[in-house]
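Chemist: Starting from these lines, generate the structure:
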Amino acid sequence: MLSQAPAILGGCALTAAVSLALGLLLFDALRLPLKGLERAGLSFVTGSAILSLMVFLLAAAGYARKEIYIAFGLAVLAAAAWKRAFRFQSDTHSALSRPWRAGAVVLFGVFTCIYFLHAMAPEFSPDGSYYHLGFVGLYNDSGRLVKVVDNMYAHFPQAVEMLFLHAFSIGRHSAAALVHFLFLIALCTLIYAFGRKIGQPMAGLFAAFAVYASPIVGWTGTRAYIDVAVAAAIFGMFYLLTVWEDSGFDALLIPAGALAGFAFGSKYTAALAIPFGLGFILGKRNRLLRALLLFAAPAVGLFAPWLVRNRVWLGNPFSPFLNRWFPNPHVFPSFERPYADLVGWSEGLSGWAAVPLDLTIHGSYLQGLFGPVFLLAPLALLSLRTAPGRRLCIAALAFAVLYPFNVGARFLIPAIPFLALAIAMVLARKEWLVAMALAGHAITAYPAFLDLYCDPHALRLVATPTLAEAFRGVPEEEFLKSKRFGYEVARMVDRHVPPDAEVFSFVTFPEAYSRKKALTYYTSARANRITEILFTAMDAAPLFKGKPMLTGLSADLSPVCVADYRFEATTLHAIRLVQPTARSVLWTVTDVRIFSGDAEVHLPQSKPSASASPWFAWEAFDGNPVTLWSSREPAANGMYLQTEFAHPVTAGRVTVGGPRNQQGTAARLEGKTENGGWVVLDARPSVAIVPPPRNLRGLAAREVRRRGIEYLLVNEGNLVARDFHERARDWGVETVASAEGFTLYRIQ
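Modeler: Predicted coordinates for the structure are as follows:
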C-alpha cells in the first residue's frame, strides 16, 4: 500500500529530528565550540544516544507507545525551535574547491540513491529480520521492555534498537533500516569534517567516500543492523576528544563520554571505547580527575542500564558471556567456547595471510568485503610521521584488536574510518592520486561491478529495489516472498501455531514478521536442554562432524555408558558422586538409579543438588534416560552431584548412566549414613557400554511436550529432517504444514 511510505519516512524523520534537536540543545547548554558540518554530525549522534536512553526509560516504565514518542518528540522540537538551536554557522576549516565539490556530489549522489532504495525497501536481512527487529517488534506490541530469558540475543545491550523501536512504532521495519542509514551519512559527514579540521579536506573526501562506498559498509548501513551506528558513535567520540585536546574546553568530554557509553550500550565489543577515551585523556592533560569524571559519568549513565537489566533479570550483567563468573540457569558456560569457535576463525582460510585479500576482494569466508581500495592500507604507516596520523593509526588498531574473536567483515567497520583517513593523508599529497583512487573505488564498489570479481555469496548489495518496490507500489508481502529468506515460514508459524503454544526450531527464521518467538536450539539453557533431549534419541553426531554442539556437549548423547556401583546393603540418608580428579570432558549424567536388592528404589521427594549447574541436578534423578544433568564445564577435582532422601533408604547398588564419552569420568560414590558422616561406598565401579533403551524417540517427544513445546520447526537438508520425516510414527509427530524447505510438526 502506498500509504506505508509516508509512515516509513515519518518514523525515520521523527527519530532523526528529535535526535538532532536533543544533541543541539545539549551542545548549546554546554556552549561547545562547534560549527558547520561537525556541529550537525556530532549533534545527531550525541542526540541519538540521549534519545536511546529516553526510549529505554519509557519502555522500562511501560510506555513504549507511538503516542508517547510523538508527544515527547514534539516537545523536544518545540524546545529546540524556541532556543533557536537549529543553526549551523559556517566553520573556518579548509574546504574543497568547487570542481571537487561538484565531483563529490556526483559520487555520493549515485550511491545515496542506491542506498536509499535498499533501506526504504522491505527489510529482509538475516539478523535484522530475526533478532534486531524481532525484539523491537515484541517490545512495540507489548508496550514495554519484555523479560526474555530464553534467547541470548535479547541479552545483548540494545541501545541502537531503542532508536529502532522509536522509528518502528510509526513506520515499522523499513523506518528502522532508514535510521541506520542516517548513521552511515552522519559517519561519513564526520570523516569529511575531520579531514577539513586537520587542514586536509581532500583526505577527508577520499576517506569519507572510501567508507561510504565500501560494499560491506553499504550493505550493513542500509539494513536494520547496528554496526555502522556503533562506528559513528566511536568516531564521534574520537572527534570530540581531538577538539577537546586542541581547545582545552572540558565540557566537550561530556558528549564524548556519552558516545562511548552509547557504543558500549549497543555492542559489547565497543566497550573498548571507554578505556580508549580514558587513555586519551590520561595522556593529554593536567587536572585529570575532573576530566576523567566528565568523561566517565555520562559513559556509565549510557551503558549501565543494560548491565543492570541483565543483572536483575538474568543474574549476569554480561550475559550471554562470563557465565562462569556469574553462574545462572539461563545460559550455560559450556556454550561460550563453541560459540566463540563458530564466529572465530574460518576454516576456509589458509592462514592470516589470506585475510587481506578476502576482506578487500573476495568476501568468500569473512562475510563481505571492503573493496580493493583498502589494499592501500600499508600506506597508513606513512602517516605516522604526523600527530594526526599517529592518533588515527592508534585508534584503528585499538578498535580492530578484538576482530580475531569474530571475523565477519562488518566487525571491522568501527576501525575502518580511522584507517581510511590515515591512508587518505598520504594520498592527499597529490591530487591526481586522490582522483584516481576515488574513480577506482567508485567503479569497483559499484554494486553491478562487484559481480565481476567478488565471491557470489559475499554480503553486498544486489538487485537494487525499484521505486515501486521501495515505496510499496509493489505489495510488501509480494516483495518479501520473492526473496525466499523465510518470510513464508514466519507466516506459516503464525497461521498454524495457536497463541498459547510454543515452537522449537533447529534454525532461526524471520521472527520480526511473526508474533511467535520460537525457542531456537542454541540460544539459551532451556533451548539447549530441549535440543539434548531430542538428540539423545537419535545419532546426531554426523551433523557436527565430531565437534561439540553449541550447547557444549557432544552430539552423541545416547545413554549407553553405565557405571555400576555395588556395596554392602547400607541405610543411607543421601548419596553423592564425587569427581576424584580433573578431566577435560564435561561430566554428564543421564540417570542415577538406586537399588535395594533387585528392586529399584523410587525417590519422588529427594532433594538433588550439585556443585556445578545445580538448577538442573534433578534431571539426573528423574528416571528418564532422555534427560540429563551436565556440569557444563570440565570436570574438576571435588565436583559433585548428590541427592538427599526425605526418608532413610537401604541400598546396595547404584547405577549411573551417561553418553559414550563418559567412560573415563566415573566418579567416586559416597553415602551419608545415620550418624551424618559421608563414607565411600564404591570408588571403582564397573563401566560398560550397553544397548540404548527402546523407543527413545517417543520418550523424547513426550518429554519435550511436557516442557511446554508442542510444535517443532525442522529445516530440510540435514539428518534431523530425515529422521523426523522417516520416523514420524516413532517420534509421535504429525506434519502440520511446509514452506520454503521448513516443515512444521505437532507433537501428538
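
Chemist: alpha carbons only for contacts and neighbour counts from here, please
Modeler: Will do.

Chemist: Just give me the residue closest to the centre of this protein.
Modeler: The centroid of the chain falls nearest to residue 153 when counting by C-alpha atoms, centre = their mean (5.4 Å).

Chemist: Hmm, that one is touching residue 523, no?
Modeler: Yes. If you go by C-alpha atoms under 8 Å, residue 153 and residue 523 touch, sitting 7.4 Å apart.

Chemist: what separates the helix or strand containing residue 13 from the chain centre, distance-wise?
Modeler: Per DSSP states H and E: residue 13 is located in helix 4-30. From the chain centre to the centre of helix 4-30 is a distance of 26 Å (C-alpha atoms, centre = their mean, to the nearest Å).

Chemist: ditto for stretch 528-545
Modeler: That offset, for stretch 528-545, works out to 24 Å (C-alpha atoms, centre = their mean).

Chemist: so how far does it reach from one end to the other?
Modeler: Start-to-end span of stretch 528-545 (C-alpha to C-alpha, to the nearest Å) is 19 Å.

Chemist: buried sites along it?
Modeler: By neighbour count, with 16 or more other C-alpha atoms under 10 Å as the criterion, the buried positions of stretch 528-545 are 528-541.

Chemist: Over to stretch 573-582?
Modeler: Residues of stretch 573-582 classed as buried: 573-580 (neighbour count, 16+ other C-alpha under 10 Å).

Chemist: Among those, which lie within strands?
Modeler: Residues of the buried residues of stretch 573-582 located in strands (DSSP state E): 573-578.

Chemist: so which of those comes closest to residue 204?
Modeler: Checking those against residue 204 by C-alpha to C-alpha gives residue 578 as the nearest, at 64.5 Å.

Chemist: So that closest one is in contact with residue 639, correct?
Modeler: Yes. Between residue 578 and residue 639 there is a contact under C-alpha under 8 Å: 5.7 Å.

Chemist: mind checking the SS state of the residue lying closest to residue 313 once chain neighbours are set aside?
Modeler: Closest residue to residue 313 apart from its sequence neighbours, by C-alpha to C-alpha, 6 or more residues apart in numbering: residue 147 at 6.9 Å. Assigned with DSSP: H, G, I helix; E, B strand; the rest coil, residue 147 falls in the coil class.

Chemist: Is residue 648 in a helix, a strand, or coil?
Modeler: Put simply, residue 648 is strand when judged by three-state DSSP.

Chemist: Considering only helices and strands, which part of the chain has the lowest mean pLDDT?
Modeler: helix 541-544 (a mean of 73; mean pLDDT, DSSP states H and E).

Chemist: got the CA positions of that helix in CSV?
Modeler: Coordinates of each C-alpha in helix 541-544 appear next as CSV, following Å, rounded to 0.1, in the frame of the first residue of the first chain:
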residue,chain,number,x,y,z
ALA,A,541,26.9,-36.8,15.7
PRO,A,542,27.4,-36.6,11.9
LEU,A,543,25.7,-33.2,11.9
PHE,A,544,28.6,-31.7,13.9
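
Chemist: Not counting its own residues, what contacts that helix?
Modeler: Contact partners of helix 541-544, identified using C-alpha atoms under 8 Å, 6 or more residues apart in numbering, comprise 554-556, 718-719.

Chemist: Kindly reformat the residues you listed as a markdown table and extend each row with pLDDT and secondary structure.
Modeler: Compiled in a markdown table, the contacts of helix 541-544 are given as follows (pLDDT from 0 to 100; DSSP: H, G, I helix; E, B strand; the rest coil):
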| residue | pLDDT | secondary structure |
| --- | --- | --- |
| 554 | 88 | coil |
| 555 | 86 | coil |
| 556 | 89 | coil |
| 718 | 74 | coil |
| 719 | 75 | helix |
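
Chemist: so can I have TSV of the residues you listed showing neighbour count and distance to residue 75?
Modeler: Below are these laid out as TSV (neighbours: other C-alpha atoms under 10 Å; distance: C-alpha to C-alpha, whole Å):
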residue	neighbour count	distance to residue 75
554	21	57
555	25	57
556	23	60
718	12	55
719	16	57
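
Chemist: from those, which two are the most distant?
Modeler: Among these, 554 and 718 lie farthest apart (C-alpha to C-alpha), at 17.4 Å.

Chemist: how distant is whichever strand or helix holds residue 442 from the center of its chain?
Modeler: Residue 442 belongs to helix 431-445 when elements are defined using DSSP H and E. Here helix 431-445 is found 35 Å from its chain centre; the criterion is C-alpha atoms, centre = their mean.

Chemist: what is the rounded mean pLDDT of that helix?
Modeler: If you average the pLDDT over helix 431-445, you get 96.

Chemist: for the chain, which spans come out with low pLDDT?
Modeler: Scanning the chain with the threshold set as pLDDT under 70 gives 1-2.

Chemist: In it, where's the longest helix?
Modeler: If you go by DSSP state H, the chain has its longest helix at helix 159-197.

Chemist: between the following helix or strand past it and helix 431-445, how many degrees?
Modeler: Per DSSP H and E, the first helix or strand lying C-terminal to helix 159-197 is helix 201-212. Angle, helix 201-212 to helix 431-445, by axes from the mean of the first three to the mean of the last three C-alpha atoms, to 10 degrees: 10 degrees.

Chemist: Helix 201-212 packs against which elements?
Modeler: Applying 3 or more C-alpha pairs under 8 Å, 6 or more residues apart in numbering; DSSP states H and E, one finds that helix 201-212 contacts helix 98-120, helix 159-197, helix 416-427, helix 431-445.

Chemist: Relative to residue 461, which of the ones you listed is closest?
Modeler: Nearest of those (C-alpha to C-alpha): helix 98-120, 8.0 Å.

Chemist: helices and strands around that closest one, which ones?
Modeler: Applying 3+ C-alpha pairs under 8 Å, 6+ apart, we find helix 98-120 packed against helix 159-197, helix 201-212, helix 467-470.

Chemist: Identify each buried residue in whatever helix or strand comes next after the shortest one, please.
Modeler: Downstream of helix 467-470, the first helix or strand assigned by DSSP H and E is helix 476-483. Of the residues in helix 476-483, 476, 479-480 count as buried by neighbour count, 16+ other C-alpha under 10 Å.

Chemist: Pull the number of nearby residues for residue 129.
Modeler: Neighbour count of residue 129, defined by other C-alpha atoms under 10 Å: 26.

Chemist: oh, and call the first residue 25 from now on, that's how I've got it
Modeler: Renumbered: residue one is now 25, and that last one reads residue 153.

Chemist: pretty sure it belongs to a helix, no?
Modeler: Yes. Secondary structure assignment places residue 153 in a helix (three-state DSSP).

Chemist: residues in contact with it?
Modeler: Residue 153 touches 147, 248, 534-537, counting by C-alpha under 8 Å, 6+ apart.

Chemist: try residue 443
Modeler: Here residue 443 is in contact with 401, 404, 416-417, 420 (C-alpha under 8 Å, 6+ apart).

Chemist: Which of those residues ranks first by neighbour count?
Modeler: In terms of neighbours by other C-alpha under 10 Å, those top out with residue 416 at 24 neighbours.
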